[in-house]
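1. Here's my sequence, what's the structure:
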Amino acid sequence: MIMDKWGLFMVSIGCLLLLFSANARTGNYDYLSLVTAIFLIVVGSVLAFKYKQPKKMKD
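-> Numbering: from 1, shown residues only. Now for the predicted structure:
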């Protein structure tokens, strides 16, 4: 349950970094921020979906 929340937190931080990685005036990207944002979005998504799946009950 708590890892699901951390996953969503990482996705939200990644989305903010993705938003601020582009400079609107010049059209240039900060590639370090862009790669970090994509990494956080992927890892956060994996954590969120991994712990969201229902656990199989053993009989």
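2. Spell out the residue ranges of the strands in this protein.
-> Taking DSSP state E, the chain contains no strands at all.
3. Show me the shaky parts of it.
-> Within the chain, the stretches with pLDDT under 70 are 1-3, 52-59.
4. could you point out the longest helix in it?
-> Longest helix of the chain, by residue count under DSSP state H: helix 31-52.
5. Mind listing what's buried along stretch 27-39?
-> Neighbour counts over stretch 27-39 (16 or more other Cβ atoms under 10 Å) mark T36, A37 as buried. Glycine gets a C-beta too; all of them are placed from N, C-alpha and C.
6. And for that stretch, what's in contact with it?
-> By Cβ atoms under 8 Å, 6 or more residues apart in numbering, the list of residues contacting stretch 27-39 from outside reads G14, C15, L16, L17, L18, F20, S21, A22, N23.
7. what about 10 Å?
-> M10, I13, G14, C15, L16, L17, L18, L19, F20, S21, A22, N23 (Cβ atoms under 10 Å, 6 or more residues apart in numbering).
8. For ChimeraX, what selects the buried ones among those residues?
-> Per 16+ other Cβ under 10 Å, the buried members of those correspond to this ChimeraX selection:
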select :10,14,17,18,21
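9. Dump the contacts of stretch 27-39 to CSV, plus distance to V42.
-> Output for those, formatted as CSV (distance: Cβ to Cβ, whole Å):
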residue, distance to V42
M10, 9
I13, 13
G14, 8
C15, 12
L16, 15
L17, 13
L18, 12
L19, 17
F20, 18
S21, 15
A22, 19
N23, 23
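10. Great, nothing more from me.
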